[in-house]
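[1] Fold the following for me, if possible:
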Amino acid sequence: MGRLPFLKVKGTRIVDESGKPVILKGVALGGWLMMEGYMLSGRNIPERDFKSALAKAQGPAAMEDFTRSFRETFIREDDIRTIKAWGANCIRIPFNYRVLEFEDRPFSLNEEGLRCLDNVIRWCRKHSIYCILDMHAAPGAQNEDWHSDCSGKPEFFNNDFNKDRYLRLWHFIAEHYKDESAIAGFDILNEPVVPFDKEGEVRDLYERATKEIRDSDKSHIIFLEGNFWGQRLKFLGKPKDKNTAYSIHAYPPADFTFNWELDLAYPCRAYGLRWNKTRLSLLAKQYAAHMERIGAPLYVGEFGVNWRGGHYGELKWTSDMLSVFRKYGFHWTYWTYKTVANPVFPDGIYRYVKNAAWVNRKGPVTGWENFYTLWPKEKGKIIYSWRTENFSRNEKLLSVLKRYF
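    Numbering: from 1, shown residues only. The predicted structure follows:
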């Protein structure tokens with residue numbers, strides 16, 4: 001396949017090298033290079049705690065074997081080819097900083113993890129689909145949740161050493177990939193969370209990271225996420241770097257999309273408000289107006305819904321969201337590509353619906369913590385189960401997404 005043109009920001013649009021507008025539309029590879037418990041039908045414990053417990057139960061070699069096998073199997077080249085065939089033009093790649101740097105050896109490159117990232121970018125280049133590199137977990141964790149690999153006490157913004165590790169990593173990533181046009185850009189920090197009166201610290205860090213990237217990479221777009229799980233943007237002001245886009249995440253209302261309130265069907269009433277397309281459009285309009293004022297594009301890096309058979313308005317919500325994004329020219333990636341089917345949080349387009357011993361929905365131990373006892377004696381079956389052909393594709397959801405790719 002031919003080389004993809006570099007993308008860049010031009011006002012509120014993203015354009016290619018010829019100046020042709022491009023709307024990025026695709027899916028995220030959640031749960032792969034930053035593992036999340038619910039995606040494997042288990043508790044949302046941090047990835048590092050899970051791997052520590054696995055190493056304690058089966059030994060460090062088994063833990064390394066598990067990590068390598070999961071990375072090589074959960075996402076493969078065929079998955080990139082599939083996403084491209086759907087009509088998508090973008091893949092968001094969330095990764096834990098530990099993919100590139102050993103936790104106990106600061107500034108020491110993890111060559112095996114880098115090869116994994118190199119491979120998926122090579123596949124994107126081969127199949128002519130853009131990707132966005134998303135640092136989903138920063139050193140010390142940028143919020144208190146499991147998806148930043150945190151045990152409840154984030155140690156990123158209050159720790160200068162961790163921030164230095166973060167900045168050096170982005171300097172390395174920018175230098176390593178500066179000539180790779182299949183990368184649309186760098187989503188430099190997933191869902192930071194700081195008190196509102198300290199948002200200036202996020203802005204200042206973004207400016208420092210931008211300088212590190214631009215030291216060697218003048219081409220790639222830098223995506224900046226808002227504070228409070230990607231919701232608040234105004235504190236960032238106008239971007240100082242012209243090749244910058246802003247990013248939000250959109251799951252409104254979470255009681256419905258995450259299935260926290262059972263039997264809630266969209267359109268619905270939640271948090272004292274009526275949620276329907278009009279409400280979603282009103283929210284989007286406020287973001288669109290802000291982006292017009294500051295002159296930058298908006299990328300919805302995550303949106304998605306828990307699947308309950310399509311009986312609770314899941315398809316209507318997805319269609320309404322995509323219609324609103326199209327109306328306001330937002331870029332987007334759906335969360336997420338594949339998961340073990342679960343009762344809460346967004347499901348994948350591909351869902352593993354079987355109840356194998358390592359899923360064990362009946363409990364008391366469910367999901368990935370079963371690997372502590374089942375690995376390595378069942379590892380062959382477990383590894384095979386991770387292949388996408390063993391997952392069920394949600395054709396109804398995919399049909400909605402395809403209308404907007």
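[2] what is the most centrally placed residue in the chain paired to in the beta sheet?
    The centre of the chain sits closest to residue 94, judged by Cα atoms, centre = their mean, with a distance of 4.4 Å. Assessed by DSSP bridges, residue 94 has beta-bridge partners residue 134.
[3] Got the confidence number for it?
    Per-residue pLDDT puts residue 94 at 98.
[4] and what of residue 9?
    98.
[5] if I read this right, it contacts residue 244, doesn't it?
    Yes. Taking Cβ atoms under 8 Å as the definition, residue 9 is a contact partner of residue 244 at 6.3 Å. C-beta coordinates here come from the backbone N, C-alpha and C atoms, glycine included.
[6] overlap in contacts of these two?
    Listed as contacting both residue 9 and residue 244 by Cβ atoms under 8 Å, 6 or more residues apart in numbering are 221, 296.
[7] pretty sure residue 234 contacts residue 291?
    No. Applying Cβ under 8 Å, one finds residue 234 not in contact with residue 291, separated by 10.8 Å.
[8] So if I had to pick from the two, which one is more boxed in?
    residue 291 (20 against 11; other Cβ atoms under 10 Å).
[9] so what's that one up against?
    Counting by Cβ under 8 Å, 6+ apart, residue 291 has contacts 12, 246, 297, 298.
[10] so where does the second one fall, helix or strand?
    For residue 246, the enclosing helix or strand under DSSP states H and E is strand 244-249.
[11] pLDDT on that strand, on average?
    Rounded mean pLDDT across strand 244-249 is 98.
[12] which residues are contacting it?
    So strand 244-249 is in contact with 9, 14, 185, 187, 191, 210, 221-226, 229-231, 233, 236, 239, 287, 291, 296-303, 331, going by Cβ under 8 Å, 6+ apart.
[13] quick one, helices of this structure?
    47-58, 60-73, 77-86, 111-126, 160-177, 199-214, 227-230, 254-257, 277-294, 314-328, 371-374, 379-385, 395-404 (DSSP state H).
[14] wait, which of these is closest to residue 3?
    helix 111-126 (7.9 Å; Cβ to Cβ).
[15] the bottom helix or strand of this protein by mean pLDDT?
    Averaged element by element with mean pLDDT, DSSP states H and E, the chain has its least confident helix or strand at helix 227-230 (a mean of 94).
[16] For the stretch 151-300 of the chain, give me the ranges with low pLDDT.
    Within the stretch 151-300 of the chain, not a single segment meets pLDDT under 70.
[17] Now the buried members of the contacts of strand 244-249.
    Neighbour counting by 16 or more other Cβ atoms under 10 Å classes 9, 14, 185, 187, 191, 210, 221-226, 229-230, 233, 236, 239, 287, 291, 296-303, 331 among those as buried.
[18] next one: stretch 52-61 to chain centre, how far?
    Relative to its chain's centre, stretch 52-61 lies at 27 Å (Cα atoms, centre = their mean, to the nearest Å).
[19] Contacts for that stretch, please.
    62, 63, 66, 369, 371, 372, 373, 375, 376.
[20] Same list (these) but as a markdown table, adding distance to residue 45, neighbour count and pLDDT.
    Formatted as a markdown table, the contacts of stretch 52-61 follow (distance: Cβ to Cβ, whole Å; neighbours: other Cβ atoms under 10 Å; pLDDT from 0 to 100):
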| residue | distance to residue 45 | neighbour count | pLDDT |
| --- | --- | --- | --- |
| 62 | 18 | 17 | 97 |
| 63 | 15 | 20 | 96 |
| 66 | 15 | 22 | 97 |
| 369 | 8 | 20 | 98 |
| 371 | 12 | 25 | 97 |
| 372 | 12 | 16 | 97 |
| 373 | 16 | 13 | 97 |
| 375 | 16 | 20 | 96 |
| 376 | 21 | 15 | 90 |
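[21] which pair in those residues spans the largest distance?
    369 and 376 (15.7 Å).
[22] And the pLDDT at residue 104?
    83.
[23] Test my guess that residue 41 contacts residue 367.
    Yes. Here residue 41 reaches residue 367: they are 3.8 Å apart, a contact under Cβ under 8 Å.
[24] got any residues that touch both of those two?
    Common neighbours of residue 41 and residue 367 (Cβ under 8 Å, 6+ apart) are 340, 359.
[25] ok, back up a step: pick the one among the contacts of stretch 52-61 closest to residue 147.
    For those, the nearest to residue 147 is residue 369 (17.2 Å; Cβ to Cβ).
[26] Leaving out sequence neighbours, find the closest residue to the closest one.
    Residue nearest to residue 369 in three dimensions, not counting chain neighbours: residue 42, with 5.5 Å by Cβ to Cβ, 6 or more residues apart in numbering.
[27] residues touching that neighbour, list them.
    So residue 42 contacts 366, 367, 368, 369, 370 (Cβ under 8 Å, 6+ apart).
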